[in-house]
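K.L.:
sequence first, predicted coordinates after that:
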Amino acid sequence: MPPKKGKGKGKKGKKAVPLGETPDNLEEEQRLAAEREAARIALEQEQEARRKEKEAMEEMMKQEAERFETETQVLQEMLNENKNQLKEMREQVRSQKIWDRFLLCNGTPDPTVQSELNTFTSLSIDETKNSTSQDVSACLDDVEQALDLINELEEVMTLDKQLEISEGHDKFKEGIESLQGLIETKVDNVTFNVMKTAEKFADPDSLNLLIEKESPRVKFSLWGNLAKNPRQKSFKLGTDDFQMEIPKSLANADVAVRLIHTSFDFLSPKCKSFFAQKKKTPAPSRAASVAPQQNEDNKEEKPTTPAGEETAIENIDKVSENNDNLKEGQEKRPNTPSDADEIEDEDIVDLRAMSTVGGVMYLDLLKLPPQAKKVGNWVIQDITESELERIPNPTPEDEKEETEETKEGEENGGEAAITQLTKELTWPLLNMSFAVASNAVFTEEPQLARWEDSQQCWRTDGFEDVNFDETNGTISFKSQFIGPICTFQDTYNNMPFQSWEIRPYGQGCVIFTLIAASVELEISIKENACCLNSPEDMELDGIRNKWLPAHILMQKLVAAGINVFPSEDADKYVSISVKDEELESSVYEQMALASSAFAFSWSRWNADCGEKRQIVRAAENLTTHPVDEDMWKNYSCEPRKSYVLKCTDDDDEMFDEKVEGTQFHPDIFHCLKEGASSEAVDVLTNTSYTFVDNVSTWLFATKVLTFS
């Protein structure tokens, strides 16, 4: 029997499934595997994209770093080239001055040669002491000559500082002191010679001695009481319209009054407060120890620069050091109190906060020598006195009440008063008045001060009923004090500044406008000279519209009472926004480099943007016209990054956002070049290094970024 056909034979059967799995599980596994593969591929693609993006970013950062480094190097090369050219020029100027001095044959010594100067001063002093000359005009000519020698020495030291030369400066200072002594000796000698024969110079109206002479920097007046007229209550001198009351005790005495008004000041540098105080660091940290500290063992040296001009001269010297990147090495200065040792006596003038204006008036009460008497054909004169004798001021005891001898002298023809000259003459409060310097600018009522030689300082006490007549420009007061007097005003009365702007004005010239608290200055700056254009409503005829070297114009402005040059410790007296000094100096240098083609101005956001940041407005300007307001852009400057800000001064709030389409740069100079026209770039390329130095001198001296 044949076998049976199996069931399902010839029919399509189902695929075999592994034990424990179902068809649905298999499909899910395949789907997951596909997803994993897709995720893997996507991850690899993403990683590849990130790698390429990172490489591109690294390449871009590398290129950016190279660009930053290149731009930094280019800027530094420009600055170094300018400084090298400037140094070479100064060396040539110094050599030429030495050669010109060698060829000069005008009878004056070379003050830089110690042997020549010592011989000149020694012989002059000996000759003066033995001289009987009564020619005041010739004496003043000698004084002017000595002042020229002092100025020559100061100019040499200023130029040497710029060239990092300090050799011989101690000898120069000794020479200046000897010349100052020579000036005093000459003036005292001619005064004494005149007083010995005072009758020859008697005024025909009052019959009293009266001489009035002047030179460019010195005014000399001498009044002598020859007539002893008890009805004469006062006398008046042409020098500064000085007027002084004559009390009875002086009206009957052999006295003379001498007034010497100088445009310079040899007294203020003797004060302890004349120089900036050194800050002491209490913490022993390394960072703090870098700050310079006061050396208590420094010997006192007497500078000779006029006090009214010293602030400006200090700033100019510091400017030169900043521009030339000089190494730190400050000259010795007199010992000054530390910050904790503030001046306790409120009557002592703080010369860091106050400045002399209008020079110094040296007022002296002198003993009149016995006059010659004619007896028959003989002229008899007592010659026991051989030098000028000053009458000291009354002591505090004498200020309270006069001695009985003086009172009797007032009643008995003044015999006791004359006798009192050999002891101590006293007098009550005297009415005095004088006119302030006509070329001085007083933005506030001037402060009157007297020199106290025993304390080596200026004091404001000793005056009563002080009144300043602004209309006539006169000061009247009462005082027992007879000695050097001076007018002061606040050094920082023009700070902080309200605004500033510096803009090109034709080829090789810029206009620097500074709006201070009480004055608005406009100064034209060229390669080697500057000119004060305004203000026109102030007595500045001796300064305005005259082209002068920068440091000379600065000195004249300070002497006239316009001080816009903050000193190194000005932050003690002016409220300012503290800024990083290195960054500030860098911005000044770059502004000076670009000033021939770009205008710069104050920005309202700079004060509050932080210590490590400066914000300044700038705009390209190749015309002589002011910049249109919509052309200004704000530039943010940081130690290693500068860029154009999107916000302007017209915005209500500041927002830190870069202008789209612009790049970051390591400095503001290349920021400006990025958007500059080809004409502007050509102007920048052809800018003179002397022009750049002159502009930077004003920026460093005024510190407009910090004090605005």
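P.N.:
In hand now; what should we look at? Numbering: from 1, shown residues only.
K.L.:
tell me how many other residues surround D453.
P.N.:
If you count neighbours by other Cβ atoms under 10 Å, D453 ends up with 10. Backbone N, C-alpha and C define where each C-beta goes, glycine included.
K.L.:
how close does it sit to L363?
P.N.:
Applying Cβ to Cβ, to the nearest Å, the value for D453 to L363 is 13 Å.
K.L.:
overlap in contacts of the two?
P.N.:
G483 (Cβ atoms under 8 Å, 6 or more residues apart in numbering).
K.L.:
and D682, what element?
P.N.:
If you go by DSSP states H and E, D682 is part of helix 678-685.
K.L.:
could you do I511 as well?
P.N.:
strand 510-515.
K.L.:
what is that strand packed up against?
P.N.:
With contacts taken as 3 or more Cβ pairs under 8 Å, 6 or more residues apart in numbering; DSSP states H and E, strand 510-515 sits against strand 499-504, strand 520-525, helix 689-702.
K.L.:
buried deepest among those, which one?
P.N.:
helix 689-702 (a mean of 23; mean count of other Cβ atoms under 10 Å).
K.L.:
pLDDT on it, on average?
P.N.:
The predicted model gives helix 689-702 an average pLDDT of 94.
K.L.:
any idea which helix or strand in this protein has the lowest mean pLDDT?
P.N.:
Across the helices and strands of the chain, the lowest-confidence element by mean pLDDT, DSSP states H and E is helix 286-289, at a mean of 30.
K.L.:
pretty sure E527 sits against W547.
P.N.:
No - between E527 and W547 no contact is recorded; they are 11.0 Å apart, counting by Cβ atoms under 8 Å.
K.L.:
ok, the two, which is more surrounded?
P.N.:
Remark: of E527 and W547, E527 carries more neighbours, 15 against 12, as counted by other Cβ under 10 Å.
K.L.:
quick check: next helix or strand after the biggest helix by length in the chain?
P.N.:
Ordering each helix of the chain by length in residues (DSSP state H) puts helix 23-103 first. Per DSSP H and E, the first helix or strand lying C-terminal to helix 23-103 is helix 114-129.
K.L.:
just checking, next helix/strand downstream of that following helix?
P.N.:
helix 136-162.
K.L.:
tell me which strands and helices that next one is in contact with?
P.N.:
Identification of packing neighbours for helix 136-162 by 3+ Cβ pairs under 8 Å, 6+ apart yields helix 23-103, helix 169-196, strand 209-214, strand 218-224, helix 307-324.
K.L.:
what's the spacing between that helix and its chain's center?
P.N.:
Relative to the chain's own centre, helix 136-162 is displaced by 21 Å; criterion: Cα atoms, centre = their mean, to the nearest Å.
K.L.:
now that helix: mean pLDDT?
P.N.:
Averaging pLDDT along helix 136-162 yields 92.
K.L.:
quick one: which of the helices and strands packed on helix 136-162 is nearest A146?
P.N.:
helix 169-196 (4.8 Å; Cβ to Cβ).
K.L.:
that closest one packs against which elements?
P.N.:
Using 3+ Cβ pairs under 8 Å, 6+ apart: helix 169-196 touches helix 114-129, helix 136-162, strand 209-214, strand 218-224, strand 255-262.
K.L.:
that one vs helix 136-162, what angle?
P.N.:
Orientation note: helix 169-196 sits at an angle of 170 degrees relative to helix 136-162 (axes from the mean of the first three to the mean of the last three Cα atoms, to 10 degrees).
K.L.:
what comes up buried for the helix holding D682?
P.N.:
Within helix 678-685, the residues scored as buried using 16 or more other Cβ atoms under 10 Å are A680, V683, L684.
K.L.:
need those residues in CSV (columns: distance to F707 and pLDDT).
P.N.:
Listed next are the buried residues of helix 678-685 as CSV, based on distance: Cβ to Cβ, whole Å; pLDDT from 0 to 100:
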residue, distance to F707, pLDDT
A680, 29, 92
V683, 29, 92
L684, 27, 91
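K.L.:
who's in contact with stretch 375-387?
P.N.:
Taking Cβ under 8 Å, 6+ apart as the rule, stretch 375-387 contacts D188, F192, K196, K367, P369, P370, Q371, A372, K373, K374.
K.L.:
go again using 10 Å as the cut-off
P.N.:
If you take Cβ atoms under 10 Å, 6 or more residues apart in numbering as the criterion, stretch 375-387 is touched by 129, 185, 188-189, 192, 195-197, 367, 369-374.
K.L.:
end to end on that stretch, go ahead and measure it.
P.N.:
26 Å (Cα to Cα, to the nearest Å).
K.L.:
off-centre distance for that stretch?
P.N.:
Remark: stretch 375-387 is offset 54 Å from the chain centroid, using Cα atoms, centre = their mean.
K.L.:
with stretch 221-239 instead?
P.N.:
How far stretch 221-239 lies from its chain's middle: 41 Å, per Cα atoms, centre = their mean.
K.L.:
what's the first-to-last distance across it?
P.N.:
Note: stretch 221-239 ends 7 Å apart using Cα to Cα.
K.L.:
for it, buried residues please.
P.N.:
Buried residues in stretch 221-239, defined by neighbour count with 16+ other Cβ under 10 Å: S221, L222, W223, G224, N225, L226, K228, F235, L237, T239.
K.L.:
CSV for those, including distance to G508 and pLDDT?
P.N.:
Shown next, in CSV, are the buried residues of stretch 221-239 (distance: Cβ to Cβ, whole Å; pLDDT from 0 to 100):
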residue, distance to G508, pLDDT
S221, 47, 94
L222, 51, 94
W223, 54, 93
G224, 58, 91
N225, 61, 90
L226, 62, 90
K228, 67, 88
F235, 55, 91
L237, 48, 91
T239, 44, 84
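K.L.:
ranges for the helices of the stretch 351-500 of the chain?
P.N.:
Assigned by DSSP state H, counting those that start in this stretch, the helices in the stretch 351-500 of the chain fall at 396-400, 404-411, 415-420.
K.L.:
where does the stretch 351-500 of the chain dip in pLDDT?
P.N.:
Along the stretch 351-500 of the chain, segments meeting pLDDT under 70 span 384-385, 396-425.
K.L.:
now do the strands in it.
P.N.:
In the stretch 351-500 of the chain, the strands defined using DSSP state E, counting those that start in this stretch lie at 354-367, 373-375, 378-380, 430-435, 447-452, 457-459, 464-469, 474-479, 485-490, 499-504.
K.L.:
just to revisit the earlier point, ranking the helices and strands packed on helix 169-196 by burial, who's on top?
P.N.:
Across the helices and strands packed on helix 169-196, averaging neighbours per residue (mean count of other Cβ under 10 Å) puts strand 218-224 on top, at a mean of 24.
K.L.:
give the next helix or strand downstream of that one.
P.N.:
Moving toward the C-terminus from strand 218-224, the next element (DSSP H and E) is strand 234-236.
K.L.:
related to what we said a few turns ago, hmm, which two among the buried residues of stretch 221-239 are most spread apart?
P.N.:
Farthest pair in those (Cβ to Cβ) is K228 and T239. Separation: 23.2 Å.
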